[in-house]
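# This is the structure alone, sequence omitted:
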């Protein structure tokens, strides 16, 4: 019999603080077939690690091939080996919660294709996320700077302002010139471009985001303008020949300016920490969240959201959230990477760090069907974590319920100023489409 805690977690609308969702038009017109809906998330990495050939995984995700049976057959043995990983569990949740499949076989997958096609209709993306996943809203990193209201759900789909290329030390100067009307020729114009980027996008953006830990270390140091000017000159002279020292120097300088602008415009700064997506490439020296300590100390007015619980260096993140008032820990993606470790992280966190510093969920995926499954997975494992606290007498059920509400929704509303942002986005959307009278003129 479900406990009051379990029922509360199941029924509470949850903030989704991190996705890479494709836009409505792409989902409807160029979206996934059934196999892509099931497997085009994170499980392909597990399939390769389990022994499937990269070609077999590519074939599995090749939507131009209508032979669903052959595509699935190439990975079926590896699938049997990864069904119980966090990624595998998420696939099974997609199958069950979206397509009512208790088991994935060539026959059941073929039968589900017709149902899948009915889901790829206008409005279904929003319905799946809002009514099936029971999400309050979704924050998406679509890897671009321009942030505009999403007409398919203006107060539901929020977007991050990407700062990746700046933090990488590889500013994409031609697109920046097109977006801002300012050509980058020196440090002064680069700074002007940054200010213009925030001026154009900060009102609609929910946060600033960078995942440069995939390309460089998370270590940061303060850089003088003169050294950044030299690094930029070398980069502008030949972006392909710039050395790592110059790239790190320019990246650190741009990163700091982005944090300063985030403070000015009152936006949190999200940072990827920890584990890499994919397989066979993860220089672990780059990824611990502890590298960020100098940045956190240098900018106490900023709000830093450190993502993915810095797995597998999660203890460092608990310590950072305990020590620095400006640090928030986000469980986005973590439930699928390693659900047991994520559940233990929740338990360690609530006995070490302030309860208002933890965010429960982000799916970190592209298709709404996967987001639904990842949300179910997060609710399931959050329930296990908090129920264990109750069962062991560490929390009473009322306290566990209050904590669930905090981490699923209230903490994010406070950090991201969600109420105000929803009103702003609705206003911007109305201005973009015009009043009903304007549209009929």
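Cool, the structure landed. Computed from a predicted structure; not experimentally measured.

# Buried residues, stretch 108-117. List them.
Neighbour-count burial for stretch 108-117, counted by 16 or more other C-beta atoms under 10 Å, picks out 109, 112, 116. Where C-beta positions appear, they are placed from N, C-alpha and C, glycine not excepted.

# How about residue 92, nearest residue that isn't a chain neighbour?
Leaving aside its chain neighbours, residue 92 sits nearest to residue 83 (6.6 Å; criterion: C-beta to C-beta, 6 or more residues apart in numbering).

# How many neighbouring residues does the residue nearest to residue 410 when sequence neighbours are not counted have?
Nearest residue to residue 410 in three dimensions, chain neighbours excluded: residue 356, at 7.9 Å (C-beta to C-beta, 6+ apart). For residue 356, the neighbour count with other C-beta atoms under 10 Å is 12.

# from what I can see residue 356 touches residue 413, true?
No: contact between residue 356 and residue 413 fails when scored by C-beta atoms under 8 Å: they sit 10.7 Å apart.

# So which of the buried residues of stretch 108-117 belong to helices?
Those of the buried residues of stretch 108-117 mapping onto helices are 109, 112, 116, per DSSP state H.

# Report the contact partners of the last one.
Yep, that's residue 116 we're talking about. Residues near residue 116 by C-beta atoms under 8 Å, 6 or more residues apart in numbering: 32, 33, 34, 37, 99.

# can you put those in CSV and add neighbour count, pLDDT and secondary structure?
Below are the contacts of residue 116 laid out as CSV (neighbours: other C-beta atoms under 10 Å; pLDDT from 0 to 100; DSSP: H, G, I helix; E, B strand; the rest coil):
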residue, neighbour count, pLDDT, secondary structure
32, 22, 96, coil
33, 21, 95, coil
34, 27, 96, helix
37, 26, 96, helix
99, 20, 96, helix
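
# which one of these sits closest to residue 11?
Relative to residue 11, the closest of the contacts of residue 116 is residue 99; by C-beta to C-beta it sits at 23.3 Å.

# Correct me if wrong: that closest one contacts residue 117.
No: using C-beta under 8 Å as the test, residue 99 is too far from residue 117 to be in contact (11.5 Å).

# Can you tell me the element the residue nearest to residue 299 when sequence neighbours are not counted falls in?
Distances taken as C-beta to C-beta, 6+ apart place residue 259 nearest to residue 299, at 5.1 Å, with adjacent residues excluded. Residue 259 is part of helix 244-264, with elements assigned from DSSP states H and E.

# before we move on, the earlier item: from residue 102, how far off is the residue nearest to residue 299?
In this structure, residue 259 and residue 102 are 48 Å apart, going by C-beta to C-beta, to the nearest Å.

# of those two, who's got more company?
In this view residue 259 and residue 102 are compared by other C-beta under 10 Å, and residue 259 has more residues nearby, 22 against 8.

# Contact partners for that one?
By C-beta under 8 Å, 6+ apart, the residues touching residue 259 are 269, 295, 299, 302.

# The first one bridge partners, please.
Beta bridges link residue 269 to residue 208, residue 304, judged by DSSP bridges.

# how about low-confidence regions in the stretch 301-441 of the chain?
The stretch 301-441 of the chain contains residues with pLDDT under 70 at 435-441.

# And the strands in it, which stretches?
Counting by DSSP state E, counting those that start in this stretch, the stretch 301-441 of the chain has strands at residues 304-307, 327-330, 358-359.

# how distant is the top helix by length along the chain from the center of its chain?
Scanning the chain for the helix with the most residues, using DSSP H, yields helix 368-391. How far helix 368-391 lies from its chain's middle: 17 Å, per C-alpha atoms, centre = their mean, to the nearest Å.

# and what of stretch 222-240?
Distance of stretch 222-240 from the chain centroid (C-alpha atoms, centre = their mean) equals 30 Å.

# Could you check it and say which residues are buried?
Across stretch 222-240, burial judged by 16+ other C-beta under 10 Å covers 223, 228, 229, 231, 232, 234, 235.

# and the third one, what does it touch?
By C-beta under 8 Å, 6+ apart, the contact list for residue 229 reads 186, 187.

# The closest residue to residue 260 other than its chain neighbours: how many residues sit nearby?
Distance criterion C-beta to C-beta, 6+ apart; nearest residue to residue 260, sequence neighbours excluded, is residue 299 at 7.5 Å. Look at residue 299: counted by other C-beta under 10 Å, it has 17 neighbours.

# Settle this for me: residue 249 is touching residue 227, isn't it.
Yes: if you go by C-beta under 8 Å, residue 249 and residue 227 touch, sitting 5.6 Å apart.

# Can you list the residue ranges for strands in the stretch 51-200 of the chain?
Counting by DSSP E, counting those that start in this stretch, the stretch 51-200 of the chain has strands at residues 135-140, 157-162.

# which one of those strands lies closest to residue 343?
Checking those against residue 343 by C-beta to C-beta gives strand 135-140 as the closest, at 20.7 Å.

# any idea how far the residue nearest to residue 299 lies from residue 353?
Distance, residue 259 to residue 353, by C-beta to C-beta: 22 Å.

# now do residue 170
Distance of residue 170 to residue 353, computed by C-beta to C-beta: 35 Å.

# Which one of the contacts of residue 116 is nearest to residue 177?
The closest of the contacts of residue 116, once distances to residue 177 are taken by C-beta to C-beta, is residue 32, at 34.8 Å.

# show me what contacts the closest one?
Contact analysis of residue 32 by C-beta under 8 Å, 6+ apart lists 40, 63, 116, 120, 367, 369.

# tally of neighbours for residue 53?
13.

# scratch that, residue 7 is what I was asking about
12.

# Which secondary structure state does it sit in?
When classified by DSSP: H, G, I helix; E, B strand; the rest coil, residue 7 comes out as helix.

# per-residue confidence for it?
Predicted confidence (pLDDT) at residue 7: the value is 98.

# What of residue 263?
pLDDT recorded at residue 263 is 98.

# do the same with the one 3 residues further on
Note for residue 266: predicted pLDDT of 98.

# doesn't residue 417 make contact with it?
Yes: applying C-beta under 8 Å as the test, residue 266 and residue 417 come out as touching, 7.1 Å apart.

# Which of the two has more residues huddled nearby?
Between residue 266 and residue 417, residue 417 has the larger neighbour count (other C-beta under 10 Å), namely 16 against 11.

# Please report phi then psi for that one.
phi 50, psi 50 (degrees, to the nearest 10).

# and if you look at residue 221?
Here is the backbone geometry of residue 221 (degrees, to the nearest 10): phi -140, psi 150.

# Could you do residue 313 as well?
Residue torsions, per degrees, to the nearest 10, at residue 313 are phi -100, psi 50.

# re the thing from before, including distance to residue 427 and pLDDT, could the buried residues of stretch 222-240 go into JSON lines?
Below are the buried residues of stretch 222-240 laid out as JSON lines (distance: C-beta to C-beta, whole Å; pLDDT from 0 to 100):
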{"residue": "223", "distance to residue 427": "38", "pLDDT": "98"}
{"residue": "228", "distance to residue 427": "37", "pLDDT": "98"}
{"residue": "229", "distance to residue 427": "40", "pLDDT": "97"}
{"residue": "231", "distance to residue 427": "40", "pLDDT": "97"}
{"residue": "232", "distance to residue 427": "37", "pLDDT": "98"}
{"residue": "234", "distance to residue 427": "44", "pLDDT": "97"}
{"residue": "235", "distance to residue 427": "39", "pLDDT": "97"}
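
# Fine by me, thanks again.
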